[in-house]
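J.: Any chance you could fold what I've pasted below:
(one chain, ligands or ions: 1)
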Amino acid sequence: MQLETPDFCHRAQLTERMDEPCSRDELRGCLRDIARTNRWFMASRPLLHWLDALVLPPLAGPLRILDVGCGYGDGVRRIDQWARARRIPVHLTGLDLNPDAVAIAGEQSPATSNIEWVAGDVFAYAPPEPVHLVISSIFTHHLSETDIIRFLGWMERRAEIGWFINDLSRSAIRYHFFRIFSKLVGLHPFVQHDGPVSIARSFVPEDWQRMCAAAGLDANDIAIRAFAPAHLCVARRKPQ
Ligand SMILES: C[S@@+](CC[C@H](N)C(=O)[O-])C[C@H]1O[C@@H](n2cnc3c(N)ncnc32)[C@H](O)[C@@H]1O
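T.: Reported below is the predicted structural model:
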């Protein structure tokens, strides 16, 4: 499918093929190639960097982390490895709107894994126990600006210690690079389409400043930071 080049001054109003109905096999192929791309472009590095720098308060039980829009679950499994390496007891939940994604994330996890996979819309989700950290990766660009502001408020209310958004950085260079790269590497057709579209639907720092302000967050309480080559992150650590 030929993409019309967006202008990059604003978030593109485009849709992604992975958000349309498709078979579980098709979705599995798409999510597997997103996970490969995550690995190649070191997508988990910003979150792990943030987790390493967090000074955790004493907790009565495990550190409870919720990953919203978990997709293939590779991000949650990476946090599991991070926590095991540091002997930090964690309770990890991967939440995704798409029940097929949740089934696929479960299939990809070792039998010994105690990650909880939940199918549901974040806005309808009430965590059964309080959550310390809410995180997401390449999820927010799937939402409208109104829903991102709502999501910021949702995280601010739910996350007892803090929250972390990892998404993409909007730019023409990244868009064209990924458009060509995904074809050369032969990534799944959905990823060849959705990768550049995701970049065009993503953000520049001013977008996050505006949306955080609209959610009632003080600019001094959030950190917006770019991570080469492709990511733009927003972090919030609540005073304890
Ligand atoms: C591009 S995938 C990201 C997957 C994974 N986090 C990663 O980093 O590769 C975005 C995911 O967000 C999910 N999603 C979209 N809207 C959602 C919502 N309202 N609540 C929960 N998940 C949602 C989609 O089903 C999709 O699996």
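
J.: mind listing what residue 174 touches?
T.: 168, 199, 229-230 (C-beta atoms under 8 Å, 6 or more residues apart in numbering). The way it works is simple: take the backbone N, C-alpha and C, and place the C-beta from them, glycine included.

J.: what about 7 Å?
T.: Neighbour list for residue 174: 199, 230 [criterion: C-beta atoms under 7 Å, 6 or more residues apart in numbering].

J.: Quick check: it vs the ligand, distance?
T.: With distances taken as C-beta to the nearest ligand atom, to the nearest Å, residue 174 is found 16 Å from the ligand.

J.: just residue 211 next, same as before
T.: Note on residue 211: its distance to the ligand, by C-beta to the nearest ligand atom, is 16 Å.

J.: you'd agree that residue is up against residue 150?
T.: No - look at residue 211 against residue 150 with C-beta atoms under 7 Å: they stay out of range, at 10.1 Å.

J.: Which one's more surrounded, those two?
T.: Higher neighbour count among residue 211 and residue 150: residue 211, with 19 against 16, using other C-beta atoms under 10 Å.

J.: That one belongs to a helix, doesn't it?
T.: Yes - Residue 211 forms part of a helix when assessed by DSSP: H, G, I helix; E, B strand; the rest coil.

J.: How confident was the prediction at it?
T.: pLDDT recorded at residue 211 is 98.

J.: contacting residues around it?
T.: Residue 211 neighbours (C-beta under 7 Å, 6+ apart): 145, 148-149, 152.

J.: what ranges do the helices span in the protein?
T.: Secondary structure of the chain (DSSP state H): helices at 24-40, 45-53, 74-86, 99-107, 145-158, 172-185, 189-201, 205-214.
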